[in-house]
Every structure is written in C-alpha cells, then in structure tokens.
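**Q** Have a look at this fold, sequence not included:
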C-alpha cells in the first residue's frame with residue numbers, strides 16, 4: 001500500500017483547505033519565510049540522497065543524458081503548456097491570464113516536481129515512503145500558501161496529484177524484480193540532484209535551470225547504472 005503517496009496527498013489537501021480558511025491573513029513576511037524554508041529543506045533532502053550513490057560517474061552521466069532528452073523534448077515547456085490548458089479548463093476559461101499562470105505553477109509543483117516523482121517511484125520500487133512522508137510537510141505548507149492566495153481551486157489539484165503518483169508507483173512496482181540495490185542507490189542520487197535543483201530554485205539561488213527537463217534522468221538512471229556496473233564493475 002502506497003502509504004507515502006496517500007500521506008503526501010492528504011497533507012496537500014489539508015494544507016489547501018487550511019489556506020482557504022486563512023485566505024489572505026498570512027502576511028508577506030511569513031509567506032517569504034516559509035517559502036525560503038521549503039527551499040532549504042529541499043536542498044538538505046537532496047544532499048542526503050546524493051550521498052547514497054554507488055557509481056557517481058553513472059549518476060552524472062544519467063543526469064546529463066536526461067537533461068539532453070528533456071531539452072530536446074522541451075519537456076518543461078510542454079508541461080507548462082499542458083498545465084495552463086488544464087487550469088483554464090478547470091476554471092471554465094473565466095479567469096485572467098495572471099491567475100491561470102499562478103494556478104498552473106501550483107499544478108506543476110504538486111504533480112510534476114522531481115521530488116514527488118522520485119518519491120513515488122522509490123516507494124514503488126522499495127516500499128519506502130519516507131521521501132513522500134517528509135515531502136508531505138513541505139506540500140502542506142506550500143498548499144496552504146497557494147490556497148490563501150488563489151482560493152478554492154488549490155484543493156482540487158490533489159486529484160491529478162494522486163493520479164500521477166499512483167501511476168508512477170504502479171509502473172515502478174511492475175519492474176521491481178529487475179532492479180538491483182546498486183541501481184536503486186544511483187537512482188536515489190539522481191533524484192537527490194533533481195531535489196537539490198528544486199531547492200535552489202525555491203530559494204532563488206539558481207532560477208534559470210529548467211528542473212522539469214531533468215526528470216528523464218530518473219528513468220535513465222536505471223539503465224545507465226546497470227550498464228556501468230556491467231562494464232566497469
């Protein structure tokens with residue numbers, strides 16, 4: 001049972017509902033503080049995961065190949081476009097463009113973030129939902145802030161979030177028997193780098209990195225790690 005996934009989605013929903021209740025009562029200083037703390041927490045999580053790497057060269061190669069694939073596919077631009085279109089449909093087309101952009105950003109954060117994808121895949125492979133349980137705290141606070149700013153549309157985003165995470169969990173669970181401990185360790189390290197990048201963007205330290213373009217590296221990590229182990233040992 002995907003405990004981590006259900007914990008994360010439930011926390012997102014609770015945070016969003018709380019944000020709707022609080023509305024605009026959160027001051028700008030509090031929002032800025034919480035935003036920076038989220039970024040710092042993501043950076044720390046990323047560093048902890050990177051340390052797990054068994055083949056650092058394979059990890060870097062998988063990340064580079066993933067970035068190339070993401071850039072060629074224009075993955076971040078496509079996800080942004082799809083999120084904006086979905087948001088417009090959910091809102092009935094009656095919202096202004098600035099509002100749609102903000103809701104789209106929230107949709108991407110909750111459904112397509114590197115940490116979330118990594119956590120769902122990791123739970124499907126190992127049964128360890130601790131990444132998503134930790135992320136649940138971050139998502140609860142983030143959802144509260146977004147809902148306070150954007151209103152009742154934010155709790156609705158839990159539905160696509162749950163669908164995406166369960167799909168990733170199911171796919172990972174199907175191939176579980178073919179995955180070695182070394183592959184999982186290298187996969188965790190790639191996920192750590194993606195999480196670190198997300199933290200750097202949240203803290204506005206390095207905002208020009210298209211973090212969503214790195215997501216293919218999570219899948220390629222398994223193949224690169226297996227090939228590297230077979231060739232180099």
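**A** That came through, no problem. All figures in this text were calculated on a predicted structure; none of them were measured in a lab. Numbers count the residues shown, from 1 in each chain.
**Q** which residues of the protein score low on pLDDT?
**A** Regions of the chain meeting the criterion pLDDT under 70 cover residues 23-27, 31, 34-35, 38, 87, 90-102, 104-105, 108, 112-114, 233.
**Q** mind listing the helices for it?
**A** Assigned helices in the chain, in chain order: 3-22, 28-50, 56-73, 75-90, 97-112, 114-126, 130-150, 153-156, 158-174, 181-202, 216-231 (criterion: DSSP state H).
**Q** Thought residue 211 was touching residue 76, still the case?
**A** Yes: with contact defined as CB atoms under 8 Å, residue 76 and residue 211 form a contacting pair (7.4 Å). Backbone N, C-alpha and C define where each C-beta goes, glycine included.
**Q** picking up where we left off before, turn the helices of the chain into CSV, columns for mean neighbour count.
**A** Formatted as CSV, the entries for the helices of the chain read as follows, by neighbours: other CB atoms under 10 Å:
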stretch, mean neighbour count
helix 3-22, 21
helix 28-50, 16
helix 56-73, 18
helix 75-90, 16
helix 97-112, 19
helix 114-126, 25
helix 130-150, 22
helix 153-156, 20
helix 158-174, 17
helix 181-202, 23
helix 216-231, 19
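**Q** Dihedrals phi and psi, residue 204?
**A** Its backbone dihedrals place residue 204 at phi 60, psi 30, with angles given as degrees, to the nearest 10.
**Q** just residue 53 next, same as before
**A** When quoted as degrees, to the nearest 10, the phi and psi of residue 53 stand at phi -60, psi 140.
**Q** tally of neighbours for it?
**A** 22 (other CB atoms under 10 Å).
**Q** Quick check, residue 170 in contact with residue 123.
**A** No: the criterion here is CB under 8 Å, and residue 170 misses it with residue 123 at 10.8 Å.
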